[in-house]
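Asker: Next one to model:
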Amino acid sequence: MKNTIMLSALTGVLALTGCSTLKNVVGNDTSGMHDVHSTTSNAAPVTSKNSVLVDSKNHMTLYTFDKDSMNKSECGSACLVAWPAFLAPNNAQASGQFASFKREDGKYQWAVNGKPLYFYANDKNVGDKHGDNKLDVWHVVPVLNK
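Answerer: Numbers count the residues shown, from 1 in each chain. Presented below is the predicted three-dimensional model:
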């Protein structure tokens, strides 16, 4: 099953924030759409790398935002350019500390312990953590106890 991630064409925001595209995540796709494949079990497709939580497909670092509340994203359309949501399929299965929630835009997003998960646009390579402590409100997710 596939879902898509809408990547806004707000290039002005990218320029203002010093962000560039998510080339490692979306490749050369300039359509503003990116397929996200769910796992067979539709459980959260995450793993750990260098002691932080990453997407198991592309191994890019995942982040939380201090201004979010339980299962609610406060990252609006301009914010999502720099901090794309880690989208989930609409039939995602909760598993342990991971679950999905329905965003105001109707899409589903993965969360850990109720905290929505995001990528950071300036992370270009596996292992990058350039968004950690950005503006003192964005943080990597340390590996969770199992």
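
Asker: List the beta-bridge partners for the closest residue to Val141 other than its chain neighbours.
Answerer: Using Cβ to Cβ, 6 or more residues apart in numbering and skipping residues adjacent in sequence, the residue nearest Val141 is Leu53, 3.9 Å away. Any C-beta I mention is one placed from the backbone N, CA and C, and that applies to glycine too. For Leu53, the beta-bridge partners under DSSP bridges are Ser48.

Asker: Who are the contact partners of Leu53?
Answerer: By Cβ atoms under 8 Å, 6 or more residues apart in numbering, Leu53 lies in contact with Val46, Thr47, Thr61, Leu62, Val112, Leu117, Val140, Val141, Pro142, Val143, Leu144.

Asker: and with 10 Å instead?
Answerer: 44, 46-47, 61-64, 86, 98, 112, 117, 140-144 (Cβ atoms under 10 Å, 6 or more residues apart in numbering).

Asker: Leu135 now?
Answerer: Leu135 neighbours (Cβ under 10 Å, 6+ apart): Phe65, Asp66, Lys67.

Asker: Can you give me the end-to-end span of stretch 114-123?
Answerer: Distance across stretch 114-123, first residue to last, is 24 Å (Cα to Cα, to the nearest Å).

Asker: Same question for stretch 116-123.
Answerer: End-to-end distance (Cα to Cα), stretch 116-123: 18 Å.

Asker: Just give me the neighbour total for Pro89.
Answerer: Neighbour count of Pro89, defined by other Cβ atoms under 10 Å: 18.

Asker: Thought Ser100 was touching it, still the case?
Answerer: Yes. Using Cβ atoms under 10 Å, Pro89 makes contact with Ser100 at a distance of 7.9 Å.

Asker: Tell me, how many residues neighbour the nearest residue to Ala92 once chain neighbours are set aside?
Answerer: In space, and not counting its chain neighbours, Ala92 is closest to Ser100: 3.9 Å by Cβ to Cβ, 6+ apart. Residues within reach of Ser100, counting by other Cβ under 10 Å, total 24.
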